[in-house]
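S.K.: next input, structure requested:
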Amino acid sequence: MSNNAAIVELSQTANKFRSSIVLQAENKYIDVKSILGLFTTLVGGHAYELHVHGPDAEEAKSALAEVFAKHNLNVKVVD
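M.R.: Now for the predicted structure:
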């Protein structure tokens, strides 16, 4: 599996929602709707935290959690 596929799918999925969707990797915060931000950050082995806030946050969390799991990325969805 290439990381590129994961990045494109994450960004496309995030852009379906109105909520703010931010990935925390160590001390960096990345807008998941930004492909460029993901390209510079989504490199192997880190534990990520996903922060989702907004009107459709619950749907966004479950959709993105599925994409992360599908690509074997270690993400904790923070409530």
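
S.K.: which other helices and strands does whichever strand or helix holds residue 6 contact?
M.R.: Per DSSP states H and E: residue 6 is located in helix 3-14. Secondary-structure packing of helix 3-14 (3 or more CB pairs under 8 Å, 6 or more residues apart in numbering; DSSP states H and E): helix 35-41, helix 57-70. No exception for glycine: its C-beta is placed from N, CA and C like everyone else's.

S.K.: in the last one, what counts as buried?
M.R.: The reference is to helix 57-70. Neighbour-count burial for helix 57-70 flags 57, 60-61, 63-64, 67-68 (criterion: 16 or more other CB atoms under 10 Å).

S.K.: now residue 15: phi and psi?
M.R.: The phi/psi pair for residue 15 (degrees, to the nearest 10) reads phi -70, psi -10.

S.K.: for it, which non-adjacent residue is spatially closest?
M.R.: residue 33 (5.2 Å; CB to CB, 6 or more residues apart in numbering).

S.K.: pretty sure that neighbour is touching residue 16, no?
M.R.: No - with contacts counted by CB atoms under 8 Å, residue 33 stays clear of residue 16, the gap being 9.8 Å.

S.K.: these two - which one has more neighbours?
M.R.: residue 33 (19 against 12; other CB atoms under 10 Å).

S.K.: and that one, that's in a helix?
M.R.: No - applying DSSP: H, G, I helix; E, B strand; the rest coil, one finds residue 33 to be coil, outside a helix.

S.K.: contacts only, for it.
M.R.: Taking CB atoms under 8 Å, 6 or more residues apart in numbering, we find residue 33 in contact with 11, 14-15, 21.

S.K.: okay, and residue 17 sits in which element?
M.R.: Per DSSP H and E, there is no helix or strand for residue 17.
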